[in-house]
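Trainee: just need the structure, nothing else, for what follows:
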Amino acid sequence: MKRPTAFLAALLISSAIAFGAPATNDLAGHWQGALEVGPVKLRLLFKISRAPGGVLTGKLDSLDQGARDIPVETISVRDNTVRMEVKTVQGVYNGSLDAAGKTMSGTWQQAAHSLPLTLERSPAAVPSQTLPASASTEAEPLAKRFVSFLADEDFQQAVACFDATMKAALPLDKLKETWANLLQKAGAFQKMGGTRANTFQQYRIVFVTCRFQKQPVTVKVVVDRAGQVAGLFFLPGDSTAYQPPGYVHPSSFEEKEVVVGEGQWQLPGTLTMPVGKGPFPAMVLVQGSGPLDRDESIGPNKPFRDLAGGLASRGLAVLRYEKRTKHYPDKCRAAFESFTADEETTTDALAAVSLLRHTPGVNANQVFVLGHSLGGMLAPRIAAGDANIAGLIIMAGAARPLEDLVLEQTLYQASLGGELSPDARKRVEEIKRQVAAVKSLPETTSSEGLLLGASKGYWLDLKNYNPAAAASTLRQPMLILQGERDCQVSLKADFAAWRQELAGRKNVTLKSYPTLNHLFMEVEGQSTGREYELAGHVSASVVNDIADWVF
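Mentor: The predicted model follows:
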């Protein structure tokens, strides 16, 4: 399948980066577990084998999505800690293997999202089930009828097509909200095109191509043996090429490839320069958590590409670059015990600032740092390393300990489906246990292995770091922005902490946006993170506010 990322990329929780080391234990075999998002359970099957020479290789099946044989590019083991990378979906599993070698307990992290995941040895692959011929032939007409109900906004009829799990996960009001979010991003529904289908185990997967006013969208409808809709996904349509928002004017800037840093950690980057004589004020963009690319790609969204084009159109030079954990995953894993937030983020951001200062056409006295999510949280630490940084833009920056956010977001995701299942309660309790272990450091022993997907040293480095308090010691001006519908960083807790700590500072501006989510994109109703899989753009008001503040 070409797009196995549809639902996995909608998982939400922000978490720290995790690393492993060369394999020593034999994990060969099948490992099965389930991700729980509210009442929805997604079964995952890791199929691991040992190649000639002893190297572990693997493939991943998402059993309930009809996605199979997704390559697992890297499998590494160190003592009882296991790391598996699935780069196709930007996914990483970090777990701890029990003494019997039968269970792995850990977290699945995908881009900026994370959920608990326990894997157990399975004696064999999950047996396939034959799909009745009637279900196979009736699936495509059902899928087209279902999409017609959505297009007509007959949500009562659409929900009637769901199986019990889907009815619990997407009741009428949530389905209506999901469709409204799609229309907001893709424009008005215009027409339905053709279909294609394939069979996976007991499911018929139907892809319905649709034309919307702004872009094509493929509606993926999963039909079960009983002829009910067991899964629904909205995928980017026939073309996944980036479409710039209206505030980006390509004729007003030029882009060129650059190299950030020196030596073994050089990083490829893109410098977006306004057309003209200059010198121009400039800005470094610093990503959130996870192995993100220079565009901070999450699903089909590229918020940093939006910002670079939008700000360059307003006369700012913008530098964005690959994260070290994205470009050098193997070297980062090898150094995981000494790997901290400085290695993940701060050091490279300072190198990017230095590069801009020495770039012809850039005003060396006006180099700013913009950090989003984890990048925003660490922005005061970056500025503390260079007193000549002209100012900070902090977008959705956490002001509380990172482990508190992991727990809060775990509880939020679990709450979306109402009452927790016994397995979900167990996983929440495991996250609580690991959060408590992080807070007890350095008393926690190294036998804990990875905690919340990161090493003991990573958490010790952040233990006494208070972002808002650190910001209060800086002289630089700051612009602090927050989406009020952000479900990862809290308006009431984090944004309020920045406001309280920096109260009275005349060179600090704080602004929140009532309808924006964590990516600073418009969202209808409650944000759950599922909307990240719908293509959108950073709000024009955010781009304009940043440019106006700089100038």
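
Trainee: so where do the helices sit in the stretch 51-200 of the chain?
Mentor: 133-151, 155-160, 164-169, 172-186 (DSSP state H, counting those that start in this stretch).

Trainee: winner for burial among the ones you listed?
Mentor: Comparing the helices of the stretch 51-200 of the chain by mean neighbour count (mean count of other C-beta atoms under 10 Å), helix 172-186 comes out on top with a mean of 19. To be clear about C-beta, it is placed using only N, CA and C from the backbone, and glycine gets the same treatment.

Trainee: remind me what it packs against, helices and strands.
Mentor: Under the contact definition 3 or more C-beta pairs under 8 Å, 6 or more residues apart in numbering; DSSP states H and E, helix 172-186 sits against helix 155-160, strand 203-212.

Trainee: pretty sure Thr340 is touching Asp461, no?
Mentor: Yes - contact criterion C-beta atoms under 8 Å: Thr340 and Asp461 qualify, at 3.8 Å.

Trainee: Ala471 and Gly457, how far apart?
Mentor: 24 Å (C-beta to C-beta, to the nearest Å).

Trainee: between those two, which is the more surrounded one?
Mentor: Ala471 (25 against 16; other C-beta atoms under 10 Å).

Trainee: how about the nearest residue to that one, chain neighbours excluded?
Mentor: Closest residue to Ala471 apart from its sequence neighbours, by C-beta to C-beta, 6 or more residues apart in numbering: Pro380 at 4.2 Å.

Trainee: ok, now which ones touch the one you found?
Mentor: Leu392, Pro467, Ala468, Ala470, Ala471, Thr473, Leu474 (C-beta atoms under 8 Å, 6 or more residues apart in numbering).

Trainee: let's see that with 10 Å instead.
Mentor: 369, 371, 392, 394, 397, 465-474, 476, 478 (C-beta atoms under 10 Å, 6 or more residues apart in numbering).

Trainee: what do you get for Lys174?
Mentor: Gly38, Phe155, Val159, Leu416, Gly525, Gln526, Thr528, Arg530.

Trainee: cross those residues against helices and list the overlap.
Mentor: Of those, the ones assigned to helices by DSSP state H are Phe155, Val159.

Trainee: for the contacts of Lys174, which entry has the maximal number of neighbours?
Mentor: Using other C-beta under 10 Å as the neighbour criterion, Arg530 leads the contacts of Lys174 with 23 neighbours.

Trainee: how does the protein divide into domains?
Mentor: Domains of the chain are assigned by automatic domain parsing as 133-236, 250-399+466-550.

Trainee: could I get these as CSV with distance to Val55 and mean pLDDT?
Mentor: Formatted as CSV, those follow (distance: least, C-beta to C-beta, whole Å; pLDDT from 0 to 100):
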stretch, distance to Val55, mean pLDDT
domain 133-236, 28, 86
domain 250-399+466-550, 13, 95
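
Trainee: by contact count, what packs against the helix or strand where Tyr458 lies?
Mentor: Using DSSP states H and E, Tyr458 maps to helix 456-462. Helix 456-462 is packed against helix 341, helix 402-415, helix 422-439, with contacts defined by 3 or more C-beta pairs under 10 Å, 6 or more residues apart in numbering; DSSP states H and E.

Trainee: and the longest one, which residues are buried?
Mentor: This means helix 422-439. Within helix 422-439, the residues that count as buried by 16 or more other C-beta atoms under 10 Å are Ala424, Arg427, Val428, Glu430, Ile431, Gln434, Val435, Ala437, Val438.
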